[in-house]
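>>> pasting the sequence and the predicted coordinates here, then a few questions.
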There are 2 protein chains.
Amino acid sequence: MQKAYLHHGQHQSGGSGTTSLSATAVILGGSLLTYLITEKIKKDSPHVYAKEVSLDEIRKAHDTVRKDLPEYTMDEIVKHNAPSAGIWVTYGVGVYDITSFVPKHPGSDKVMLAAGGAIDPFWHIFQQHNTHEVLSLLETYRIGNLRPDDVVGTKDLHDPWSGEPKRHPILKPATLKPFNAEPPASVLVDSFLTPNEFFYVRNHLPVPEVDIKSYELDMENEKTGKSKTIRFADLLKYPQHTVTATIMCGGNRRSEMMDVKPIKGLPWGASAVGNAQWTGARLCDVLRDMGVRPGDEDGHVQFEGLDTDPTSTPYGASIPLAKAMDPRGDVILAYEMNGQPLNRDHGFPVRVIVPGVVGSRNVKWLGKIIVSRNESPSHWQQNDYKSFSPSTDWDTVDFKSAPAIQNMPITSAICTPAGGETVKVEDGYVTVKGYAWSGGGSEIVRVDLSADGGKTWIVAKLDESERGTGPGRHWSWSLWSAKVPIKAGQKGPIEILSKAVDSNYNTQPESFANIWNLRGVVGNAYSRVKVNVK
Amino acid sequence: MQKAYLHHGQHQSGGSGTTSLSATAVILGGSLLTYLITEKIKKDSPHVYAKEVSLDEIRKAHDTVRKDLPEYTMDEIVKHNAPSAGIWVTYGVGVYDITSFVPKHPGSDKVMLAAGGAIDPFWHIFQQHNTHEVLSLLETYRIGNLRPDDVVGTKDLHDPWSGEPKRHPILKPATLKPFNAEPPASVLVDSFLTPNEFFYVRNHLPVPEVDIKSYELDMENEKTGKSKTIRFADLLKYPQHTVTATIMCGGNRRSEMMDVKPIKGLPWGASAVGNAQWTGARLCDVLRDMGVRPGDEDGHVQFEGLDTDPTSTPYGASIPLAKAMDPRGDVILAYEMNGQPLNRDHGFPVRVIVPGVVGSRNVKWLGKIIVSRNESPSHWQQNDYKSFSPSTDWDTVDFKSAPAIQNMPITSAICTPAGGETVKVEDGYVTVKGYAWSGGGSEIVRVDLSADGGKTWIVAKLDESERGTGPGRHWSWSLWSAKVPIKAGQKGPIEILSKAVDSNYNTQPESFANIWNLRGVVGNAYSRVKVNVK
């Protein structure tokens, strides 16, 4: 039976530093904080947890009046909506002072949306908070009870998850709401183009329900002041452009980085990646009609999705205008994936495809395009999808100090055999397959494998994939296979390594330790798979 | 006194595999083969070396008739000019069968120029052969004596090195003929723009003497059959374009890679790099006048230098036409360096500047431009400046299997303190300075340093260098400095590491072992400097 630590002692409010865990992770994300939170609670607040309680009990905590604490009205609570006045929120009948939770953590902007009010409508969407650790941590901030008349119900709220599409069972979810899932790695190496149904899904919010007949794409050029709205049929009038491109989540392979040190984020394996043929209108053609001249490179193109949070704030990201306007950049507003209309999980009816660039800029369910002097102000552009030194932690991080990830670095992964598998040696060899990819349009030129810790290397055979459309325009991954020699008579566990080299002769770093970063992104160290030789 | 091993036993001719050392290295290069050759001779041919002789003696060997061997006429020798007939060469009165020397080694094309004839005129230019090891190795191939009337003299040959320019004594030569030299690393971090006189020099052949009044640049478009010749004044008519770009030798930092395992090539330190402002005509403008249309990306642009070998074959290299025609590629035909006319060592009067691309494609003393479907056929494009798996050796290498290096990978180097230096700790810190650069237009976004083997990392301060002209167009290095903390009371040797991260979030590999390659190029592992703390 799961056990939780419940707050029975004296509450500690304000900036005492009791809990310096990320507010975002708890309030908006945090499905994977078991270790972190438990350790933190044990370390910093042992005196406030008097007994262990079950998950059922902790789920009822915020709906239970604590007679040892005072009652507050919503009128009082709304005043506590800023760090200067203290940051209070309510959940059920519980009143919580989370002031010490907020500073310096990513997503403070998001957390602040609930400041001075109820978090119930937020957690109604972000149901990953419904865990032992998150709920028990929240209770440690309890300062009172909300007047019964002021309690915010969610019964009348539309369930934003009721319209989620059906998914193929091959996708293994990391979270269900929002839906984040990857296929088994062995599926990836079966085909150069990943079948649409097997393509990893990384959603940040509920999938919007879009009617193509009423679909509108808003466009705004902040430089000229011009704005307009086009419809789906208008997009079809632009010359059709097809590009084969790999899309990869910035957190792909995070689980391997987590082995070094815990990280907040989805524990992606190596399959948060796929390769598809995308068809749509060139963004540069569309932007030219918005008054952007070729060679006008200064600034950014912001994208907003039709997926929104409870405050109607859309998902957002941006790319440099130079990338958008470069005909060699191949950015498109895609409406087809592998010859089919986009499915709902992949952005129906229109998404942005930014070849060579981290998945999070390939905005789905595109609702608005803004040509701006500035990057997207969104949380996902400003305070996520950035990397830092391994020694930067949540107390020292300055998100402004790092650029938003655009082009992705080189990586490779062994897809078969899987870790822990028992493999058969045939004619002295084990057959190994995987993928390699480098962002920014670089081509994979070599993949090396070793089964002896790097003493000797075998060069893998690259698939005869398409070669891109010229230097610096190679957007697809390369699938590869290799026959790795195993010493005669060798039995038991061995580790197989892969590392790729791209057309810039960049290669992967050897270990995750020296590229570890607190967001767990751009994890591109050697792929290492331990198997048993039979 | 230096000692050499002289051949006194039975000669072994033909493909016995006695010596599988690179013919090129010996016949055209090879100033640094001491270790390799000595080891190889000791290992494979102990029976052919009866006694040690001095350098003076070995220098006379090829001018001395060996009475135990037969005499050949040049008429007989010229028949042995192909692998099928055996490959013979003469040097002085010596006749040598080098058949077993040639196969599979880079520069076979160059070696073959001397096949069936005298190598005297070649070695008159490539004087690095005048060493103990090279000369004694040659003598192991001796099969006879050349008829005295047929001996080729070099007295009447023009000394191709007589016109070499004066160089600044700060440049430390690795070889004098051709001149290859780098400044001390500490000089690099003194200024964002490297002074012309301090800029590393990498020549492959004698510096040509060019009169700007009679200078001609030949141009040919193989696709259209069109060709023309322009003069220096014609080049000045094109709009002037200035680009700040770092140029780096493909072999920069080779000496560090050599610590893993020997390599044939110049033992460059970390200073075969410099940063300058280059001014000239855009290559895309010039090519447009040669009938190349914008967007015509398929093919290559070959460059020939006015520097030539004894057969009048020029230095040559090529770049993709796509890079040449891309206005964002910033390729120029430069005639100024840091506001001064190019000096002779850097390509007077015109050289190509290919920002982000390995130095060897930045052809100096430009004599000819060829738009072609093919890469340059030159040795330096086809059989050099390529990288391979660490397990690829001279017996297994297939030069066709690897792409010619174009864009360079990310690297960084600690310039001060120098290795072995005794450093003073001030306020608990040691100040460290260096450079970081990434090819292909990527920008350096972070440099991390560690003085504890990677346990903790310090983020360096990047200089306020110019930020390039947009994403993917950042051609300059970044100079950086950091105060690296030293534990209180720590004395004695420590190792300081640096690693850089670029705007693609690529980073350096940790060690040279896993990127070692037989040409010793693209050596971009962590910079590691051992110093003594006082």
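All right, it came through fine. Values in this document were obtained by computation on a predicted structure and should not be read as measured data. Numbering: from 1, shown residues only, chains lettered A, B, ... in the order given.
>>> residues in contact with residue A:182?
Residue A:182 sits next to A:171-172, A:174, A:200, A:268-269, A:271-272 when contact means CB atoms under 8 Å, 6 or more residues apart in numbering or on different chains. Where you see a C-beta, it was placed from the backbone N, CA and C, and this is true even at glycine.
>>> hmm, which of those residues are the buried ones?
Among those, those buried by neighbour count (16 or more other CB atoms under 10 Å in any protein chain shown) are A:171, A:174, A:200, A:268-269, A:271-272.
>>> show me what counts as buried in the helix or strand hosting residue A:257.
Assigned by DSSP states H and E, residue A:257 belongs to helix A:254-258. Within helix A:254-258, the residues scored as buried using 16+ other CB under 10 Å are A:254-258.
>>> neighbouring contacts of the helix or strand containing residue A:218?
Using DSSP H and E, residue A:218 sits within strand A:216-221. Residues outside strand A:216-221 that contact it (CB under 8 Å, 6+ apart): A:226-232, A:234-235, A:286, A:290-292, A:333, A:350, A:366-371.
>>> next step: those restricted to strands.
Mapping the contacts of strand A:216-221 onto strands (DSSP state E) picks out A:226-231, A:333, A:366-371.
>>> just send those back as a markdown table, with neighbour count, pLDDT and distance to residue A:68 too.
As requested, those are exported to a markdown table (neighbours: other CB atoms under 10 Å in any protein chain shown; pLDDT from 0 to 100; distance: CB to CB, whole Å):
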| residue | neighbour count | pLDDT | distance to residue A:68 |
| --- | --- | --- | --- |
| A:226 | 13 | 93 | 61 |
| A:227 | 15 | 96 | 56 |
| A:228 | 12 | 96 | 60 |
| A:229 | 11 | 98 | 56 |
| A:230 | 18 | 97 | 60 |
| A:231 | 13 | 98 | 59 |
| A:333 | 23 | 98 | 58 |
| A:366 | 25 | 98 | 51 |
| A:367 | 22 | 98 | 48 |
| A:368 | 19 | 98 | 49 |
| A:369 | 26 | 98 | 54 |
| A:370 | 20 | 98 | 51 |
| A:371 | 25 | 98 | 56 |
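>>> tell me the one among the residues you listed nearest to residue A:315.
For the ones in strands among the contacts of strand A:216-221, the closest approach to residue A:315 (CB to CB) belongs to residue A:367, at 9.2 Å.
>>> who are the contact partners of the closest one?
With CB under 8 Å, 6+ apart, residue A:367 has these contacts: A:216-218, A:304-306, A:314.
>>> and it, how far from chain B?
25 Å (CB to the nearest CB, to the nearest Å).
>>> skipping adjacent residues, who's closest to that residue in space?
Nearest in space to residue A:367, with sequence neighbours left out and distances taken as CB to CB, 6 or more residues apart in numbering or on different chains, is residue A:306 at 4.2 Å.
>>> how much space separates the one you found from chain B?
27 Å.
>>> quick one: stretch A:473-481 to chain centroid distance?
Here stretch A:473-481 shows a centroid-to-chain-centroid distance of 22 Å under the convention CA atoms, centre = their mean, to the nearest Å.
>>> average pLDDT across that stretch?
Per-residue pLDDT values over stretch A:473-481 give a mean of 97.
>>> what's in contact with that stretch?
A:188-189, A:192, A:243-246, A:273, A:275, A:328, A:330, A:355-356, A:412, A:431-437, A:441-444, A:447, A:460-463, A:465-468, A:500, A:503, B:322.
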